[in-house]
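S.K.: structural data only, the sequence is not supplied:
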């Protein structure tokens, strides 16, 4: 079985975000594998161990993304691919990423592609479904269980706190949600082996693409931090008085009514 994982390098969830001149300040920041992508890596390894084949981890980014790819290899993936856009692109969006990945998968015979449900930096959740549409394969999002029997996949899909049972066929793209599995930590032997596992680096030229082909369809106009949380307020008086005061606050102060 040919299994692929779409992986993204994101800010460490413990990092404090700061804005400078309308841009996120990332100098000295720590980066990690997007947490939802860890579920995808773990599930890919589990499916490979159950059905055979290879796990290839793919990312679109810069040379710094090699660290996260090596982490995925240390977890147990077989090989990795870095599509380096550092010299070709200044900005991109979900269209850009899906277009690049579509070109990469053009000559591949993928049975199963896994991705995180969302990336914690932009949280669009669009790359996986966009790619599946381009490739003309089935796509199921927010999965919490996956069982494959031959060419058939039985899936539990998270739907607003409930579960939807889905049966579909391979080839298939799924996006992974918390609860699907418990991602493993890279072991010391895994880290040592990862240094020798193949990591291929490609550029847009290798995919017969140029900057105009993958130009972003969206533009970020403003970047700002959310307002700081205000201290809570306790309403006094009987219930009727509290209700009147609450309605007044929501209407006159917060302008939400």
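M.R.: All right, it came through fine. Please read all numbers here as calculations on a predicted model, not as lab measurements. Numbers count the residues shown, from 1 in each chain.

S.K.: okay, now the domains of this structure?
M.R.: The record's domain split for the chain, according to automatic domain parsing, is 2-214, 227-257.

S.K.: same question for the last one, mean pLDDT?
M.R.: Going back to what we said before, that points to domain 227-257. For domain 227-257, mean pLDDT is 83.

S.K.: what do you get for the longest one?
M.R.: Throughout domain 2-214, pLDDT has a mean value of 91.

S.K.: could I get the full set of helices for the protein?
M.R.: With helices called from DSSP state H, the chain shows them at 35-51, 66-75, 94-105, 127-135, 188-194, 239-248.

S.K.: contact partners of the longest one?
M.R.: Contacting residues not belonging to helix 35-51 are listed as 1, 3-8, 10, 13, 33, 54-55, 57, 72, 75-78, 112, 114-120, 146, 148, 175-178, 180-184 [C-beta atoms under 8 Å, 6 or more residues apart in numbering]. Where you see a C-beta, it was placed from the backbone N, CA and C, and this is true even at glycine.

S.K.: hmm, which of the residues you listed are the buried ones?
M.R.: Applying 16 or more other C-beta atoms under 10 Å to these, the neighbour count classes 1, 3-8, 10, 33, 55, 57, 72, 75-78, 112, 114-120, 146, 148, 175-177, 180-181, 183 as buried.

S.K.: check contacts around residue 66.
M.R.: Taking C-beta under 8 Å, 6+ apart as the criterion, residue 66 is in contact with 82, 199.

S.K.: again, 10 Å this time
M.R.: Residue 66 makes contacts with 9, 59, 80, 82, 84, 199, 201, as judged by C-beta atoms under 10 Å, 6 or more residues apart in numbering.

S.K.: just the buried ones among the contacts of helix 35-51: which are in strands?
M.R.: Of the positions in those, 3-6, 10, 33, 55, 57, 112, 114-116, 146, 148, 175-176 sit in strands, assigned by DSSP state E.

S.K.: those: which two are farthest apart?
M.R.: Distance extremes for these: the farthest pair is 10 and 148 at 28.3 Å, using C-beta to C-beta.

S.K.: for the residue nearest to residue 112 when sequence neighbours are not counted, which residues make a bridge with it?
M.R.: Spatial nearest neighbour of residue 112, excluding adjacent residues (C-beta to C-beta, 6 or more residues apart in numbering): residue 3 at 4.8 Å. Bridge pairing for residue 3 (DSSP bridges) gives the partners residue 55, residue 112.

S.K.: quick one: residue 3 from residue 189, how far?
M.R.: According to C-beta to C-beta, to the nearest Å, residue 3 and residue 189 sit 22 Å apart.

S.K.: how about residue 9?
M.R.: Plainly put, residue 9 is 24 Å away from residue 189 if you go by C-beta to C-beta.

S.K.: those two: who's more crowded?
M.R.: Neighbours were counted for residue 9 and for residue 189 using other C-beta atoms under 10 Å; residue 9 has more, 22 against 9.
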